[in-house]
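**Q** Make a model of this:
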Amino acid sequence: MATTEPPAARGHHLLLRLWALCALFALLALTGLAQAAAPRIGVATMQPGEIFWERFGHDAIVVVDPDSGRATSYNFGYFDLAEPGFVGNFIRGKMRYRLVALPLEEDLVLYRDEGRGVSIQWLALTDAQALDLARRLEVNARPENAVYTYDYFRDNCSTRVRDAIDATLGGALRRQLESRSRGSTYRSEAVRLASPAWWMWLGFDVGLGPRADVPLSLWEEAFVPMRLASAMRDVRIDGRPLVASEQPVLPHRIAPEPADEARPLWPWLLVGVALAFAIAALVHRHARVVAGAALVLWTLGGLVGALMLYLWLGTAHVFGWANHNLLLLSPLMLALLPGGWRVLRGRRGGRLFEAVLAAVAVMGALAMFLSWLSMSPQDNGRWIALLLPIHLALWAGLRGGAERPPLR
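**A** From the prediction side, this is the model:
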């Protein structure tokens, strides 16, 4: 005789089946996550190029999908020259850069065409760390998250790579690098890497203030991609090297990265003293010649000084603030031009001219004394050695004296 299950019992059994089915799906999902293969993570380092914005090299994080083998380059160095206000933002120190995710082969095309070497350091991350970094980079590359305010030294394409890896390692990279230093500074690194272009290293050396002369830790020095690559070779995580292997990708076919070189003061002093003696020897018989040369110095020096003053008071370029070179290349030098022109015409410069001439010489001497103080040192001894003797010689030679006949 057949029996029928009560409705309440049938409902109870149906509920049990639904719970069992949900549990099965959850187990399958967890099993899939557990068996998901982790991506391969590497740091691609690009050697310096020949265009001025390529002088410091470049880097990117490479993520290789374990299933398809597709390699994605996460590159923090993209900017848009056509962006409204780009030039003005660049001058004010408020540049906008972005992270772009693109196929590695596509990213390498430019470096291959320019002859710039590229190598990849493959990192020995755990599966969990590799998955975490890949996911965070994917989120960071979304349009709403990709843009950041670029800082030449403290927040650039290389420090973004450094920080992303450090976050994945729970701060272990920073802990190992921030306690070590080679004694380099932002100035020394900037001048070294810019040295193939005379105008570029000259701009850095003149335009950087005392903040650029604080010794850097290896962590801070990693604003240079090649320095980051070098530092990571010595990092160990849980007893194992962070860098599992290094793979050359493209050969370097142009001039190599400039080496570290000492910059002695004596050649600058020798030139400065020689020019001072030349001024002293010429000024009494050829004051017009001296005045003509001085007009060039005062014009260039005054304009450079005005630019340095603007960097300090009108921009976010903090490493150019409070620049001691303002005492050597002062906007006040522009006030010497009318008197210098009168001397060039064979007349006296006038009282204002002589007062400003003295002030320029005194400020140069003040720069020398300021360089001896330890509270805010600036590595500008070479500029003092070059310019102070010239300022003193011009003050001694062009102040006072008899009125000369006008030039006909």
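**Q** alpha carbons only for contacts and neighbour counts from here, please
**A** Fine.
**Q** any idea how far Asp80 is from Arg98?
**A** With distances taken as C-alpha to C-alpha, to the nearest Å, Arg98 is found 9 Å from Asp80.
**Q** what do you get for Leu392?
**A** For Leu392, the distance to Asp80 - C-alpha to C-alpha - is 47 Å.
**Q** Between Arg98 and Asp80, which is the more surrounded one?
**A** Arg98 (21 against 11; other C-alpha atoms under 10 Å).
**Q** show me what contacts the closest residue in space to the more buried one that isn't next to it in sequence?
**A** Among residues not flanking Arg98 along the chain, Val147 sits closest, at 4.2 Å (C-alpha to C-alpha, 6 or more residues apart in numbering). Shown in contact with Val147 (C-alpha atoms under 8 Å, 6 or more residues apart in numbering): Arg96, Tyr97, Arg98, Leu99.
**Q** Closest one to Gly350 out of those residues, please.
**A** Closest to Gly350 out of these is Arg96 (49.7 Å), distances taken as C-alpha to C-alpha.
**Q** Surely the closest one and Thr149 touch.
**A** Yes: the pair Arg96 / Thr149 is scored as a contact, 4.8 Å apart, by C-alpha atoms under 8 Å.
**Q** So which of those two has more stuff around it?
**A** More neighbours surround Arg96 than the other of Arg96 and Thr149, with 17 against 13 (other C-alpha under 10 Å).
**Q** Assign a three-state SS to that one, would you?
**A** Assigned by DSSP: H, G, I helix; E, B strand; the rest coil, the conformation of Arg96 is strand.
**Q** Please look at Val63 and Ala44 and confirm they touch.
**A** No: using C-alpha under 8 Å, Val63 is not in contact with Ala44, being 10.3 Å away.
**Q** The contacts of Val147 into TSV, with extra columns for pLDDT and distance to Ala294?
**A** Formatted as TSV, those follow (pLDDT from 0 to 100; distance: C-alpha to C-alpha, whole Å):
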residue	pLDDT	distance to Ala294
Arg96	91	41
Tyr97	94	42
Arg98	95	46
Leu99	97	49
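**Q** Adding distance to Leu352, write those residues out as TSV.
**A** Output for the contacts of Val147, formatted as TSV (distance: C-alpha to C-alpha, whole Å):
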residue	distance to Leu352
Arg96	46
Tyr97	48
Arg98	52
Leu99	55
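**Q** Quick check: the farthest pair among those residues?
**A** Longest span within these, C-alpha to C-alpha: Arg96 and Leu99, 10.5 Å.
**Q** which ones are touching Leu102?
**A** Thr72, Ser73, Tyr74, Asn75.
**Q** Look up the pLDDT of it for me, please.
**A** At Leu102, the model reports a pLDDT of 97.
**Q** any idea which element it lies in?
**A** Element membership of Leu102 [criterion: DSSP states H and E] is strand 95-103.
**Q** And that strand, how far out from the chain middle?
**A** Distance of strand 95-103 from the chain centroid (C-alpha atoms, centre = their mean, to the nearest Å) equals 17 Å.
**Q** cool, stretch 383-399 as well?
**A** 33 Å.
**Q** Show me the contact partners of stretch 273-293.
**A** So stretch 273-293 is in contact with 340-341, 343-346, 386, 389-390, 392-394, 397-398, going by C-alpha under 8 Å, 6+ apart.
**Q** nearest to Leu123, of those?
**A** Closest to Leu123, out of all of these and judged by C-alpha to C-alpha, is Leu386, at 48.1 Å.
**Q** low-confidence ranges in the stretch 301-408 of the chain?
**A** 374, 400-408 (pLDDT under 70).
**Q** correction: the chain
**A** For the chain (pLDDT under 70), the answer is 1-36, 374, 400-408.
**Q** that older thread, work out the sheet partners of the strand holding Leu102 and label each with its direction, please.
**A** strand 71-78 (antiparallel), strand 147-150 (antiparallel) (DSSP bridges).
**Q** got a list of what Leu370 touches?
**A** If you count contacts by C-alpha under 8 Å, 6+ apart, then Leu370 has Pro377 around it.
**Q** measure it to Asp113 for me?
**A** In terms of C-alpha to C-alpha, Leu370 sits 48 Å off from Asp113.
**Q** Please apply the same query to Gly364.
**A** In terms of C-alpha to C-alpha, Gly364 sits 48 Å off from Asp113.
**Q** Between these two, which is the more surrounded one?
**A** Gly364 (28 against 8).
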